[in-house]
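In: Let's see this in three dimensions:
(one chain, ligands or ions: 1)
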Amino acid sequence: MTRVAFIGLGNMGSGMAANQAKAGREVVAFDLNAEAVARAKEQGMSGAASAAEAVKDADIVITMLPAGQHVSDVYLDAILPHARKDALLIDCSTIDVDTARTVARDASMQGFRAADAPVSGGTAAAQGGTLTFMVGCREQDFAEFEEALKPMAKAVIHAGASGAGQAAKICNNMLLGISMIGVSEAFILAESLGLDAQKFFDIASKSSGQCWSLTSYCPWPGPVPTAPSNRDYEGGFAAAMMLKDLKLAQDAADRSGAPTPLGGAAESLYSELVNRGHAAKDFSAILQMFRGKL
Ligand code: NAD
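Out: I've put the predicted structure just below:
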C-alpha cells in the first residue's frame, strides 16, 4: 500500500490528508498541534510523534505549512535526514519562490525528487478533493507527482521548473487582489452616479469589464447569490490570506525588479483592511472598507 506522510493538518491539510486516506493510501499524519493529530487518528489515519517519525518509510511526503520558514525547518530537520531517498517530496504550502527553489535544490543535491505544488481553492476544495495544483518540478518527474496529488485534485498543472508553481500562485493571486479592488471601485462609482447596482452588473458582466471577481465572486451583495458578500463577507478567502499572497508577490517583484505598481497599491489597501481588525473577513469585504462601512 502507498504510504503518505502528511505534515501540517490545519484548515487545508486536514481535509487533504483525509482525501489521501480515502483513496486507500496509508497516511501517517503529524502536526505540532496534538489535537489535529488526534482528529486525523479518529478518521483512520496513523499519528506520528514527530515529523521525522512520520516520514520514515513513506513513499510520498506532503507538507502543508503556514510559511517559508516552517517549510525550510521541517525539510532540513526532519525530511531530508529521515526520508527514504526514493520518496517523492511535495510542498503544497504557499511560500516565497526563493525558499521553494532552495528547498528543492537541497533535496535534489541529496538525491530526492521534490516539487513545489501550491493550491488554488480554499478549505471547501481541500475537503472535497477539488483543489487545483500548480507544480514546479523537473519535466521527467511530473507524471509521478501528478499521480501522488490526484486524490486531492480537480486539476494538476505543470508550471515549469522548481519554484514555478509558487510563481504561478502569487502572480494569479496578485491579479485577483487587483481585480477585486477594481470591481469594488466600479460599484462604488456606479452607486455615487445613481446607477442601479444590478443594472451595472448586468451590463459589465457582458462588456469588456467582465472578470471572475465580478461574475463569480461579486463583492456587491445580490447579483451573485453564492458570493460571500451575501453572507456578511464570512467564510471564503480571508483578507489576511490575500495580504500574505500580495506581500509574497511584492517581495518577489522587488527582488526581480518587475514593476507592479497596482500590486503594491493592493498590498497597502489589504494591509489597511487587516489593520482595521477584519483579517478574517472574506477579501471581497474591501468594498465595504471603501464605502466607509468597515
Ligand atoms: P493553518 O494555519 O490552518 O495550518 C497550518 C498547520 O501547520 C497548523 O495546524 C500548524 O500547527 C502546523 N504547523 C506549523 N508548523 C509546523 C511544524 N513545524 N511541524 C508540523 N506542523 C506544523 O493554515 P492553512 O489555512 O491550512 O494553510 C496552509 C497553507 O496553505 C498556507 O501556506 C496557506 O497560505 C496555503 N493556502 C491556504 C488556503 C486557505 O484558504 N486556507 C488556500 C490556499 C492556500
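
In: CA only for contacts and neighbour counts going forward, please
Out: Noted.

In: how about the strands in this structure?
Out: 3-7, 26-30, 46-47, 60-63, 88-91, 113-116, 119-120, 131-136, 153-160 (DSSP state E).

In: Residue 286 is nearest to which of those strands?
Out: Residue 286 lies closest to strand 119-120 among the strands of the chain, at 20.5 Å (C-alpha to C-alpha).

In: near the ligand, which residues of the stretch 101-250 of the chain?
Out: Contact residues, the stretch 101-250 of the chain versus the ligand (C-alpha under 6 Å from any ligand atom): 119-123, 237.

In: about what we covered before: make TSV from the strands of the chain and add distance to residue 78 to it.
Out: As requested, those are exported to TSV (distance: least, C-alpha to C-alpha, whole Å):
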stretch	distance to residue 78
strand 3-7	11
strand 26-30	12
strand 46-47	16
strand 60-63	11
strand 88-91	12
strand 113-116	15
strand 119-120	23
strand 131-136	22
strand 153-160	26
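
In: just so I know, which of the ones you listed lies nearest residue 200?
Out: That would be strand 119-120 among the strands of the chain, by C-alpha to C-alpha, at 28.8 Å.

In: what comes into contact with that closest one?
Out: By C-alpha atoms under 8 Å, 6 or more residues apart in numbering, the list of residues contacting strand 119-120 from outside reads 92-94, 131-134, 169.

In: Now do the contacts for residue 183.
Out: With C-alpha under 8 Å, 6+ apart, residue 183 has these contacts: 213-214, 218-219.

In: Mark which of the residues you listed are part of helices, please.
Out: In helices, judged by DSSP state H, the following of the contacts of residue 183 are found: 213-214.

In: which of the contacts of residue 183 tops the neighbour count?
Out: residue 219 (28 neighbours; other C-alpha atoms under 10 Å).

In: For residue 239, see how far away that one is.
Out: Residue 219 is 13 Å from residue 239, where distance means C-alpha to C-alpha, to the nearest Å.

In: anything in contact with each of those two?
Out: Looking at what touches both residue 219 and residue 239 (by C-alpha under 8 Å, 6+ apart), the common residues are 284-285.

In: buried ones in stretch 68-81?
Out: 68, 71, 74-75, 78-80 (16 or more other C-alpha atoms under 10 Å).

In: So for it, first residue to last residue, what's the gap.
Out: 19 Å.

In: Name the residues that touch it?
Out: By C-alpha under 8 Å, 6+ apart, stretch 68-81 touches 51-52, 55, 63, 65, 91, 93-96, 99-100, 103, 107, 110.

In: just stretch 238-250 next, same as before
Out: 94-96, 170-171, 173-174, 177, 260, 263-264, 266-267, 270-271, 273-274, 278-285.

In: Just checking the distance from that stretch to the centre of its chain.
Out: 10 Å (C-alpha atoms, centre = their mean, to the nearest Å).

In: ok, and the closest non-adjacent residue to residue 171?
Out: residue 249 (6.7 Å; C-alpha to C-alpha, 6 or more residues apart in numbering).

In: Please report how far the residue lying farthest from the centre of the chain lies from the ligand.
Out: Distance from the C-alpha centroid of the chain peaks at residue 194, with 38.0 Å (C-alpha atoms, centre = their mean). Residue 194 sits 36 Å away from the ligand, going by C-alpha to the nearest ligand atom, to the nearest Å.

In: cool, and residue 262?
Out: When residue 262 is compared with the ligand (using C-alpha to the nearest ligand atom), they lie 21 Å apart.
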